[in-house]
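Undergrad: Kindly generate the corresponding structure for this input.
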Amino acid sequence: MVFILTGRIQAEQVPDLEALLKSESSDRDIVLDLRQVKLVDRDAVQFLAGCEAAGAELRNYSAYIREWITQEKNAMQRREAENAADLAG
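TA: Numbers count the residues shown, from 1 in each chain. Predicted structure coming up:
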């Protein structure tokens, strides 16, 4: 299932996008085509990073979006590691 996103993705759109993706059958591969996305905010980037981590494929994104997603994923991994360390000791 390919979803083509356009324009801006901001915090206000994230709940609708989450609902849309949840409404799709879980046995389908999800692809988010970002070719026409020109602007994102941090909430949108966190959403996209979460989608990718859950197995969705991101396609045709601009370099700045890819870099920001990578930074957010790294930050999430650091937070998880810190939380695990806090629980362990």
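Undergrad: so how far is G7 from A49?
TA: Shown here: A49 relative to G7, a distance of 20 Å by C-beta to C-beta, to the nearest Å. (C-beta placed from N, C-alpha, C; glycine too.)
Undergrad: What about the nearest residue to Q10 once chain neighbours are set aside, how many residues nearby?
TA: Once flanking residues are discounted, Q10 sits nearest to D41: 4.7 Å by C-beta to C-beta, 6 or more residues apart in numbering. Number of residues near D41 (other C-beta atoms under 10 Å) recorded here: 16.
Undergrad: Make sure D41 is actually in contact with A11.
TA: Yes: taking contact to mean C-beta atoms under 8 Å, the distance of 5.9 Å between D41 and A11 places them in contact.
Undergrad: any residues touching the strand of greatest length in the chain, and which ones?
TA: For the chain, the strand with the greatest residue count under DSSP state E is strand 31-40. Taking contacts as C-beta atoms under 8 Å, 6 or more residues apart in numbering, the residues outside strand 31-40 that touch it are 1-10, 48, 51, 56-62, 65, 68.
Undergrad: which of the residues you listed are buried?
TA: Under a neighbour-count criterion of 16 or more other C-beta atoms under 10 Å, the subset of the contacts of strand 31-40 counted as buried comprises L5, I9, L48, C51, A56, L58, Y61, I65, W68.
Undergrad: I'd like to know which of the residues you listed are part of strands.
TA: When the buried ones among the contacts of strand 31-40 are checked against strands (DSSP E), the matches are L5, I9, L58.
Undergrad: residues touching the first one, list them.
TA: Spelled out, that is L5. With C-beta under 8 Å, 6+ apart as the criterion, the residues that contact L5 are L17, L32, D33, L34, Q36, V37.
Undergrad: Please tell me how far K22 sits from A54.
TA: Between K22 and A54 the computed distance is 11 Å (C-beta to C-beta).
Undergrad: Which elements pack onto the helix or strand bottoming out on mean pLDDT in the chain?
TA: Comparing every helix and strand of the chain by mean pLDDT, DSSP states H and E singles out helix 63-88 as the least confident one, with a mean of 90. Helix 63-88 makes packing contacts with strand 31-40, helix 42-53 when contacts are defined by 3 or more C-beta pairs under 8 Å, 6 or more residues apart in numbering; DSSP states H and E.
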